Every structure is written in C-alpha cells, then in structure tokens.
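dropping a prediction and its sequence here:
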Amino acid sequence: MERADFVAVPVQDLKRADDFYGQTLGLNRNPNSSDRWVEYELGNVTLALVSPEAMGPEFKAEGHQMPIGLRVPDVEAARARLEAAGVEFLHETIDSGVCHLASFSDPDGNRLQLHRRYAPYADGSTP
C-alpha cells in the first residue's frame, strides 16, 4: 500500500454536509464531485461525503467515533471563527504537551478535531 487516498464520511443530508464542510469549515471542494459523493481535498487526503440514499439502503451513517484531525495554523483562531459560525465544541482546547486540539462534530455527529502540533517529531523534524 502506498497511502490513504480518502476517508469516507457518512452523512444523512449531502447538501447540508456540503455546506458545512465547504462554507463553515472552508475546505476546498473537488470540482469532480457529484450528487452522490462530494469530495474535499486536504492536500494529503480527501474527505469524501457519502449520501446514504445514493449509496444503497444498507449504508447507515453512524458518525465516526474517533475524530478526523484537521490541521490548522492556529487552533484558537480557527476555533473562534467556527464558534462565530455556530459550531459547538465538545471541550476546552487541550494542550497535550506536543499539540493543541479542539473537538467538535459535523451536523451528522461525525467527530472532527482542530489540530496543530507545535513540538518536534521524535526524529527531530518540525511540524
């Protein structure tokens, strides 16, 4: 295997999710998206919003239990912008000793997390 190409994000309402990821979060929408599958490019991986109605009756959106970490230049600034847009965070911003993170959910309950590493990696390289 070479790398992870995409993460599928189950959503109940594709238009609502498209608005949230595109307008509220400000992610870059792939122009090849369709009415069944909307993709957002994050540089190293694609988030693919998947509509249950379009993908079959067995598909059920249940929300990711572990968050998708979204790297931002400044967690507090990104958090303030999202809070102003009505996004509710699950806890105060955490300083783990190597990074800052703040968790929230999309309209379908999928967990997302603002993240910024500030400490060098084990090999000495910097984020």
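Happy to help now that I have it. Residues are numbered from 1 along each chain as shown.

now His115. Nearest residue, chain neighbours left out?
The shortest distance from His115 to any non-neighbouring residue, by C-beta to C-beta, 6 or more residues apart in numbering, is to Gly69 (4.2 Å). Bear in mind the C-beta positions are built from the backbone N, C-alpha and C, glycine included.

relative to Pro107, how far out is that neighbour?
Per C-beta to C-beta, to the nearest Å, Gly69 is found 19 Å from Pro107.

repeat that for Leu25.
Counting by C-beta to C-beta - Leu25 and Pro107 are separated by 11 Å.

of those two, who's got more company?
Leu25 (21 against 15; other C-beta atoms under 10 Å).

can you pull out the low-pLDDT segments for the chain?
Residue ranges of the chain with pLDDT under 70: 1, 54-64.

and the helices in it?
14-19, 52-55, 75-84 (DSSP state H).

domain-wise, how is this structure divided?
1-58, 63-127 (automatic domain parsing).

dump the residue contacts of Tyr121.
Pro127 (C-beta atoms under 8 Å, 6 or more residues apart in numbering).
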